[in-house]
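Chemist: With the input below, show me the fold.
(one chain, ligands or ions: 4)
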Amino acid sequence: KYMTTAEIREKYLAFFEGKGCKRMPSSSLIPDDPSLLLTSAGMVQFKPYFLHQKELDPAYIGTTTAQKCVRTNDIDNIGDARHLSFFEMMGNFSFGKYFKNEMCAWAFEFSTEVLGLPAEKLYFTVFEDDDETIEIWKSLGVPEDHISRLGEDDNFWRAGPTGPCGPCSEIYFDQGPEVGCGSPDCKPGCDCDRYLEFWNCVFTQFDGQEDGTLAPLLTKNIDTGMGLERIAAIMQGVTNNYDTDVLRSLVGVGERLSGKTYKQDAEVDKSLRIIADHSRSVTFMIADGILPSNEGRGYVLRRLLRRAIQKAHMIGIEGPFLNDYVDEIVELMGSVYPEVVENRELIRRVILSEEERFGATLRQGQVFLAEALDKLEGDTLSGEEAFTLHDTYGFPVEVTEEMCADRNVKVDMEGFERCMDEQRERARAANTKDAEAAWSTYGGIHADVLKEVGATEFVGYSELECAAKVV
Ligand code: ATP
Ligand code: MG
Ligand code: MG
Ligand code: MG
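Modeler: Ligands and ions are numbered 1, 2, ... in the order given. All right, here's what the predicted structure looks like:
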């Protein structure tokens, strides 16, 4: 049965509220946790509860949320059918009150009864030797051949190098053989789209230590995440996240601005999807007080913004355009996330300013890159050229890498990093802090935001990379 994204969100929260969970708001995309760059999962705001540094009101057995998430590790996958850089994670969390039995039963009940998904299309994975969870799924009527075991990479979940973590069990929806790779060996966990992972139930039992060992937590806990856009795709009978109500509307904005029609040209489609996705990330990041900069989360924001601008340029969108997306996002999501409504003017101004700055140099940078590629001998763009693109034309190096990859050219990243280090040395010597520069660029308009959230912490590239790997 067709359900809108909004209906699914509400049904999920109401269902777990009915089980005794406290409905709580999404936390900010800026985590209250120095080990993480951005909020990448629903559990992030509950880390102190898992560690019993904070206790939940005993009237409740757990919590339930719709959490906004940004995952930098998925940026390069954006445009495929199931990875978004911004998505909503529907979660429920127990801090010692309920565990596997209840969780599996409720996930099954919600999927088959509330959403009405046919049980025969559901597949379940468990962590390696977790026989207990296999027995629980079987007791709910799941046939043995719909349950499989997966290793550490897929079925042991952690939000970062340290902190609460544990084995997990995931639920997949079989979208049918036509959607996937067609291999007779295709099964849940295969990278193709046939079996779509939509729900992860983590049995949070451990506290990962600095030295890599796992200490048991005081209680056995539950942390689950159901991807709202993925389940919306299932409920709306489509096999691509971008064909769901909210994201399709955003693709529509790009169609209108570019004059192109979706699903006529694969390259154009990919750009339309990337812009639709990135427009949500940047809108929500700015709403939470992140501003474009050259370091840390501000750099993630800048990279997303500039990539969206470059993709728009490729499909013939001229001049500033992203505010049309902002308006549509406010329209579509403002009732659930009032911060985008409240900060609409800030969001619009920050984006416009970034579009003007990058728009002015994008074209020249493209000419520079085209010339560099034309006279290139070998298959690698030099670090110096990538640095010039970054420094003079404002190209995030990942955007340069992507544009080069389109021509089967690599970028000498080591050389690029060397140039960056030299520049950082010069900057340090001159005592110019990027942070201050970033704030003063947008000075005035966001003084209140600055007060509220404090200046964005600049964690630098090493942590960015680290976070990119572990989230
Ligand atoms: P995948 O294997 O598809 O990359 P994951 O195992 O990394 O997903 P989890 O960390 O288990 O994802 O997150 C819980 C749920 O959140 C997933 O089951 C999925 O429904 C959703 N989700 C995760 N990453 C994304 C994303 N990039 N875009 C949309 N939904 C996502
Ligand atoms: Mg993933
Ligand atoms: Mg997975
Ligand atoms: Mg998973």
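Chemist: and the closest residue to ligand 1 within the stretch 201-350 of the chain, bridged to which residues?
Modeler: Closest to ligand 1 within the stretch 201-350 of the chain is Gly227: 2.3 Å, counting by CB to the nearest ligand atom. Bear in mind the C-beta positions are built from the backbone N, C-alpha and C, glycine included. Counting by DSSP bridges, Gly227 is bridged to Met89.
Chemist: tell me the contacts of it?
Modeler: By CB atoms under 8 Å, 6 or more residues apart in numbering, Gly227 lies in contact with 82, 87-90, 197-199.
Chemist: now Ser183, nearest residue through space, not along the chain?
Modeler: Setting aside the residues directly before and after it, Ser183 is nearest to Cys190 in space (CB to CB, 6 or more residues apart in numbering), at 7.5 Å.
Chemist: Surely that neighbour is within a strand?
Modeler: No: going by DSSP: H, G, I helix; E, B strand; the rest coil, the assignment for Cys190 is coil, not a strand.
Chemist: any idea how far it lies from Lys11?
Modeler: Using CB to CB, to the nearest Å, Cys190 is found at 29 Å from Lys11.
Chemist: repeat for Gly96
Modeler: Counting by CB to CB, the gap from Gly96 to Lys11 is 26 Å.
Chemist: and if you look at Ala232?
Modeler: 12 Å.
Chemist: ok, these two, which is more surrounded?
Modeler: Remark: of Ala232 and Lys11, Ala232 carries more neighbours, 26 against 16, as counted by other CB atoms under 10 Å.
Chemist: Next, the more buried one: secondary structure please.
Modeler: On the three-state scheme (three-state DSSP), Ala232 is labelled helix.
Chemist: got the contact list for it?
Modeler: Here Ala232 is in contact with 3-5, 8, 241, 244-246 (criterion: CB under 8 Å, 6+ apart).
Chemist: what does Pro216 give?
Modeler: Pro216 sits in contact with 205-207, where contact means CB under 8 Å, 6+ apart.
Chemist: mind listing the strands for this protein?
Modeler: 21-23, 62-70, 86-95, 122-127, 147-150, 156-158, 163-174, 195-208, 214-227, 380-381, 410-411 (DSSP state E).
Chemist: mean pLDDT lowest for which of those strands?
Modeler: If you rank the strands of the chain by mean pLDDT, strand 156-158 sits at the bottom with a mean of 91.
Chemist: by contact count, what packs against it?
Modeler: If contacts are counted by 3 or more CB pairs under 8 Å, 6 or more residues apart in numbering; DSSP states H and E, strand 156-158 sits against strand 163-174, strand 195-208.
Chemist: can you pull the contacts of the nearest residue to His278 once chain neighbours are set aside?
Modeler: Spatially, and ignoring its direct neighbours in sequence, His278 is nearest to Ala308 (4.0 Å; CB to CB, 6+ apart). The contact partners of Ala308, by CB under 8 Å, 6+ apart, come to 274-275, 278-279, 282, 322.
Chemist: hang on, the earlier thing: the residue nearest to Ser183 reaches Gly182, doesn't it?
Modeler: No: if you go by CB atoms under 8 Å, Cys190 and Gly182 don't touch, sitting 10.6 Å apart.
Chemist: Those two - which one has more neighbours?
Modeler: Higher neighbour count among Cys190 and Gly182: Cys190, with 14 against 10, using other CB under 10 Å.
Chemist: and the more buried one, what does it touch?
Modeler: 180-181, 183.
Chemist: phi, psi of it?
Modeler: Phi and psi for Cys190, reported as degrees, to the nearest 10, are phi -60, psi 140.
Chemist: and it, what pLDDT?
Modeler: 91.
Chemist: Out of the helices and strands in the protein, which is least certain?
Modeler: helix 460-470 (a mean of 34; mean pLDDT, DSSP states H and E).
Chemist: returning to what we had before: which single one of the contacts of Gly227 is nearest to ligand 1?
Modeler: For the contacts of Gly227, the nearest to ligand 1 is Phe87 (3.7 Å; CB to the nearest ligand atom).
Chemist: Settle this for me: that closest one is touching Cys69, isn't it.
Modeler: Yes: here Phe87 reaches Cys69: they are 5.6 Å apart, a contact under CB under 8 Å.
Chemist: So for stretch 389-406, first residue to last residue, what's the gap.
Modeler: Taking CA to CA, to the nearest Å, stretch 389-406 runs 17 Å from one end to the other.
Chemist: outside of it, which residues touch it?
Modeler: 75-76, 299, 302-303, 306-307, 310, 357-358, 361-362, 364-365, 368-369, 373, 381, 386, 410-411, 413, 416, 419-420, 423.
Chemist: so what's Trp199 bridging to?
Modeler: Ile171, Met226.
Chemist: Which positions in the protein make contact with ligand 1?
Modeler: 71, 74, 82-84, 87, 89, 197-200, 225-227, 229-230 (CB under 6 Å from any ligand atom).
Chemist: Could you pick out the buried ones from those?
Modeler: 71, 74, 82-84, 87, 89, 197-200, 225-227, 229-230 (16 or more other CB atoms under 10 Å).
Chemist: got any ranges where this structure has weak pLDDT?
Modeler: For the chain, the stretches flagged by pLDDT under 70 are 431-471.
Chemist: Let me see the domain layout of it.
Modeler: Residue ranges for each domain of the chain read 5-235, 244-470, as given by automatic domain parsing.
Chemist: residues near Ala59, how many?
Modeler: Counted by other CB under 10 Å, the residues lying close to Ala59 total 7.
Chemist: meant to ask about Ser111
Modeler: Other residues lying near Ser111 total 22 when counted by other CB under 10 Å.
Chemist: Sweet, I'm off.
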